[in-house]
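Student: just need the structure, nothing else, for what follows:
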Amino acid sequence: MAWVPVTAVPWGPRFALFATDSNGAVRTAAGDPQSGLMGAWAPVSDNLVTVPGAPVTAVPWGPRFALFATNSDGAVCTAGGDPQSGLMGAWAPVSDNFVGVPGARVTAVPWWGRFALFATNSDGVVYTAAGDPQGGLLGPWAILSTVTLIQFTGQVTVRIDHPSFDPAKFTPKPAPFTLSIVDESFPETRQIRISAFPDVVLGNADFVGKITALYRGAGAGSFPSDGAMTIPDVVFNIHFEHFGDDSLATFSLSTGTATSPMNKVPPLSGQPADNDGAIVLVGAGAMKGGSLDTKDFSISLNGTISPRPA
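Tutor: Numbering: from 1, shown residues only. Below is the predicted model of the structure:
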């Protein structure tokens, strides 16, 4: 149970503990720092499978607890129970029109005999709903924040320090993708996210066939009015058509400069978005895992964003 968030809530003279194990199953135990555990950690997942290490929200609900978690499909689920009696029944979805990030946190607070729920989808939009494990939702999830979608149209160029990646073969490829801004009330502090990034075939190489970049996720970035953009924790899976040992590319995209760890690929310079939306985003790093493990790489996205926020 190491290195995962643990939810602890008062339960009589002790605490009820909830956490998600390495298989995505929710487990519970009870104890306190002085006496330790009352017994072993026990599974209370039943039909729920979430992301390993995903947080579990637990709030008092009569003599038991109302539990909320987001499953591996991004659906918010709920159940009622405690460490001694286990679950009152199976986990039930309470997502309806809402799809969140798999394993993301759900905030729940008491509200007129039920719970007010808050969660964020993959675009960073905050949603709310109300309900409880027994009665389900009072109504559909509602949006609490505004979102603006921005389309990037342009090309991506990838360089990897590996014999299979001949720059003559791996020429720039079309790479349209979608960005989202949540709440533009304060341009200097607004956040930007990648909402969708379709798969990009980078090229073909001898023996391995097509090499494809598969977008896996990114953090919330910044995009102030001067056009400078930074998006941290961007992750792509580099997939080989005829090999099973894919590699991960993790990096930050920005309109600044990017240099790979060992300087095995040329450094890159970005360009903040001008008034017409022309922009150059760059990133660099070292591959992890697979046949490209530790190999330097760089990425450049040259194109236009529309609309260009003020």
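
Student: name the spans of the chain whose pLDDT lies under the cut-off.
Tutor: Along the chain, the parts satisfying pLDDT under 70 run over 1-3, 183-185, 206-207, 243-244.

Student: which strand runs longest in it?
Tutor: In the chain, taking DSSP state E as the definition, the longest strand is strand 147-160.

Student: next one: that one to chain centre, how far?
Tutor: On the basis of CA atoms, centre = their mean, to the nearest Å, strand 147-160 sits 18 Å off its chain's mean C-alpha point.

Student: that strand pairs with which strands, and in what direction?
Tutor: Here strand 147-160 has these sheet partners by DSSP bridges: strand 173-174 (antiparallel), strand 177-182 (antiparallel), strand 296-306 (antiparallel).

Student: which outside residues touch the first one?
Tutor: Just to be clear, that refers to strand 173-174. With contact meaning CB atoms under 8 Å, 6 or more residues apart in numbering, strand 173-174 is reached by 154-157, 200-203. Where you see a C-beta, it was placed from the backbone N, CA and C, and this is true even at glycine.

Student: out of these, who's nearest residue 288?
Tutor: When the contacts of strand 173-174 are ranked by distance to residue 288 (CB to CB), residue 202 comes first, at 17.4 Å.

Student: can you list the strands paired with strand 147-160 in a markdown table and add distance to residue 64 and mean neighbour count?
Tutor: As requested, these are exported to a markdown table (distance: least, CB to CB, whole Å; neighbours: other CB atoms under 10 Å):
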| stretch | distance to residue 64 | mean neighbour count |
| --- | --- | --- |
| strand 173-174 | 54 | 13 |
| strand 177-182 | 35 | 19 |
| strand 296-306 | 50 | 20 |
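
Student: can you redo the ones you listed as TSV with distance to residue 49?
Tutor: TSV is the format used below for these (distance: least, CB to CB, whole Å):
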stretch	distance to residue 49
strand 173-174	36
strand 177-182	28
strand 296-306	33
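
Student: so which of the ones you listed gets nearest residue 33?
Tutor: Comparing these by CB to CB, strand 177-182 comes nearest, at 39.3 Å.

Student: buried sites along the following helix or strand past that closest one?
Tutor: For strand 177-182, the succeeding helix or strand toward the C-terminus, using DSSP states H and E, is strand 191-196. Across strand 191-196, burial judged by 16 or more other CB atoms under 10 Å covers 192-195.
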